[in-house]
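Asks: Sharing a sequence plus its predicted fold:
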Amino acid sequence: MSGPYRKTAREALPQATQVADPFHVVKLANSTIDDVRRRVHNHTTGGRGTKGDHLYRTRRLLLKAAERITDRGKAKLRGLLAAGDPRGEVRDAWHAKETLRGIYQIPDHHLAADALDELSRDLRDETFSPELNKLGRTLHAWRTQIANRHRSRITNGPTEAANNLAKLIKRVSFGTANLDHHRTRVLLYAAKPDWTLLDNLTPR
């Protein structure tokens, strides 16, 4: 979700419909939660989080999807937030993230766009934290691209997975000098390689 990239894509492909992938939108909301949590912790304790601190112990639960948190985890999250989030700022950020995720469950494009408008408007209210105000402005600026997901129902998840795999192989190989060798490794690790792309390798 880069402004310059969006502008370049619009100029180069004016006929294309831009879609903001849910992964990156929710990732932005998760980053907002982390920013709020760190600021609140620093303000209340005067330092970085350590293993026993209340908000530090919530960091994984806050980024989890609500439906994947067990009853025990929910009770733990409520208790830790009550102890370490006196003004409810981290709680508000978590609720904003879950509300944003819920918009993707709305089947109708127009209803989803209206819900997104309402969320971005609410988050820009001065009663919320600066981090949530920023998230609200971003959602407003990317409204069209986010709402277009409900029209196209497409995702670049498989592309992201392939890209991550290629980066992982390069990292564990400590770099690759030969592009053909790197391509071979990527296709082999992908489990079902297209052997026609490997002119230098013949399977037995």
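Replies: Yes, it's here.
Asks: What strand or helix carries the most centrally placed residue in the chain?
Replies: Ranked by distance to the mean C-alpha position of the chain (C-alpha atoms, centre = their mean), the top residue is Lys27 at 1.4 Å. Element membership for Lys27 (DSSP states H and E) is helix 22-45.
Asks: Would you mind giving the secondary structure of the nearest residue to His182 once chain neighbours are set aside?
Replies: The shortest distance from His182 to any non-neighbouring residue, by C-beta to C-beta, 6 or more residues apart in numbering, is to Thr176 (3.9 Å). Every residue, glycine included, has its C-beta placed from N, CA and C. Assigned state for Thr176: coil (three-state reduction, DSSP: H, G, I helix; E, B strand; the rest coil).
Asks: Same question for Arg151.
Replies: Looking at Arg151 with three-state DSSP, the answer is helix.
Asks: what does the one 3 residues further on give?
Replies: The local conformation at Ile154, judged by three-state DSSP, is coil.
Asks: ok, it - contacts?
Replies: Taking C-beta atoms under 8 Å, 6 or more residues apart in numbering as the criterion, Ile154 is in contact with Val19.
Asks: Pull up the gap between it and Gln18, please.
Replies: Between Ile154 and Gln18 the computed distance is 12 Å (C-beta to C-beta, to the nearest Å).
Asks: Same question for Thr184.
Replies: 35 Å.
Asks: on that earlier part again, from the rest of the structure, what touches the helix holding Lys27?
Replies: Under C-beta under 8 Å, 6+ apart, the answer for helix 22-45 is 1, 48-49, 53, 55-56, 58-59, 62-63, 84-87, 89-90, 92-94, 96-97, 100-101, 104, 129, 131-132, 134-135, 138-139, 142, 146, 149, 155-157, 160.
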